[in-house]
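Asker: just the structure for this:
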Amino acid sequence: MVGDVTEETREPFVPVDENWERALCVVAHPDDLEFGTAAAIARWTDQGKTVVYAMVTSGEAGIDAMSPDECRTVREAEQIASGRVVGVDVVEFLGQPDGVLEYGVALRAVICAAVRRHQPEIVITNNFRPSWGGQSLNQADHIAVGMATLDAVRDAGNRWVFHDQIADGLQPWGGVKQVWAAGSPDSRHAVDTTATFDRGVASLEAHRAYIDGLGWEFFDPREFLEGGARQAGTRLGVPMAAPFEVFPMGWGE
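Answerer: Residues are numbered from 1 along each chain as shown. Prediction:
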């Protein structure tokens, strides 16, 4: 129909700024980065950049057939293995409770400490809009973590916010240039993942216990990831891409 919006008629994506050396990924659960972003991370580690993962929870409430203590151990191991596939050697688990995260000062403090520890130039989180676009609702932990990450990045540069962290030896860090929300329906930027797409698939496949625990008997990681990557690639003008909503952290940007 005339006036329908398709991938071919939507505004083209702008390439993300890749002029940086250190990134910190802050997401709610093990597996959050693997549903589309890991291929981009493989691209950046191949470029010699340092990428660190910070998992706010250990995903311990994610497998119905496992107790939280058992599930925590399994999912942490899967995330560490998954990170290695795309060149990430440091994976932190921040120890917050899975499934019941709340936006607020306490969550900001935990994420702020991670930003101060790792001193990144770019912080990557997950989509924190109410949906993934259309009628596909987002999950509460994703929303809380993304919103808290934006504020925590600003908190990290102010020595008088969470000053106890400074007293304990962390230093203020105001060097984050941008926060990127992966997979946001409001994305306007993207990065070419054509060359590293296969490693992105392999990183998702490393979460086999989680996928099996969800009962996704016929779930095909490659098929799932390829659909989104090709749609984003069309808007970037490449075969495959990963989309991001970009939030500049500097005044007036």
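Asker: where do the helices of the stretch 101-250 of the chain begin and end?
Answerer: Assigned by DSSP state H, counting those that start in this stretch, the stretch 101-250 of the chain shows helices spanning 105-118, 140-156, 163-167, 197-205, 208-213, 221-236.
Asker: low-confidence ranges, the stretch 151-253 of the chain, go.
Answerer: Low-confidence segments of the stretch 151-253 of the chain (pLDDT under 70): 251-253.
Asker: hang on, isn't Phe197 packed against Met240?
Answerer: Yes: shown here, Phe197 and Met240 form a contact pair, counting by Cβ atoms under 8 Å, at 5.1 Å. In short, each C-beta sits where N, CA and C put it, glycine included.
Asker: pull up the overlap in contacts between the two.
Answerer: Listed contacts common to Phe197 and Met240 are Ala39, Glu226, Ala229; contacts here mean Cβ atoms under 8 Å, 6 or more residues apart in numbering.
Asker: ranking the residues you listed by neighbours, who comes first?
Answerer: Neighbour counts for the shared contacts of Phe197 and Met240 (other Cβ atoms under 10 Å) peak at Ala39, which has 28 neighbours.
Asker: and that one, what element?
Answerer: Under DSSP states H and E, the secondary-structure element containing Ala39 is helix 38-46.
Asker: which positions in that helix come out as buried?
Answerer: Applying a neighbour-count criterion of 16 or more other Cβ atoms under 10 Å, the buried positions in helix 38-46 are Ala38, Ala39, Ala40, Ile41, Ala42, Arg43, Trp44, Thr45.
Asker: next one: stretch 73-89
Answerer: Neighbour counts over stretch 73-89 (16+ other Cβ under 10 Å) mark Val74, Arg75, Glu76, Glu78, Gln79, Ile80, Ser82, Gly83, Val85, Val86, Gly87, Val88 as buried.
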